[in-house]
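J.: Would you be able to build a 3D model of this:
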Amino acid sequence: MKKNESGRSMVEMLGVLAIIGVLSVGGIAGYTMAMNRYRANEVVDMANKYAVIAYSSYMTSKMMNNGTPQTGAIPAFKDTGLFGQSSKVNGTSFGTATISDNESAVTIELTFPTEKICQAAATSLGISGSGCANKTLSPVFKQS
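T.: Here you go, the predicted model:
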């Protein structure tokens, strides 16, 4: 007498579980990279806004003081009102902003919470991430 058994063998079930495990690991890695890119892009966006405010404040102070900007013409990030009263966005500290000698660019020192977010920001800005070894980057924002 033959028995007709239906179902899956243990080997088939283990194969399915292995495939699900591999896909899950890839999904988690992709999610982590996407979140790092998101955090970095949010920081870059805030830095760009801060650069515009810093440049505007500097030029306004220069114009109102006969060509010599007052000390403190560039506001600290926390004083801009861009992101609450903090000097951080997604764990990234906004350091000193400086205006170039020819007044065409603003450089801002950014200190990131992780090297991977720093690398993602460098990629977003199209610059080398070699400065990310100490999690600090000083991007230059061109002003017109």
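J.: Show the model's pLDDT score for the residue most central in space within the chain.
T.: Centre of the chain computed as the mean C-alpha position; nearest residue by CA atoms, centre = their mean is residue 40, 1.7 Å away. If you check residue 40, the pLDDT there is 92.
J.: Isn't it up against residue 115?
T.: No - counting by CB atoms under 8 Å, residue 40 sits too far from residue 115 to count as a contact (11.5 Å). C-beta here means a position set from N, CA and C on the backbone, and glycine is covered the same way.
J.: Which positions within stretch 75-87 qualify as buried?
T.: Judged by neighbour count using 16 or more other CB atoms under 10 Å, the buried positions of stretch 75-87 are 75, 77, 80, 82, 83.
J.: Over to stretch 97-110?
T.: For stretch 97-110, by 16+ other CB under 10 Å, it's 97, 98, 99, 105, 106, 107, 108, 109, 110.
J.: Now flag whichever of those is closest to residue 61.
T.: residue 99 (10.7 Å; CB to CB).
J.: Please verify my assumption that the closest one contacts residue 61.
T.: No - contact between residue 99 and residue 61 fails when scored by CB under 8 Å: they sit 10.7 Å apart.
J.: so what does the longest helix along the chain touch, helix or strand wise?
T.: Looking across the chain with DSSP state H, the single longest helix is helix 10-64. Helix 10-64 is packed against strand 88-89, strand 92-99, strand 105-111, helix 115-125, strand 140-142, with contacts defined by 3 or more CB pairs under 8 Å, 6 or more residues apart in numbering; DSSP states H and E.
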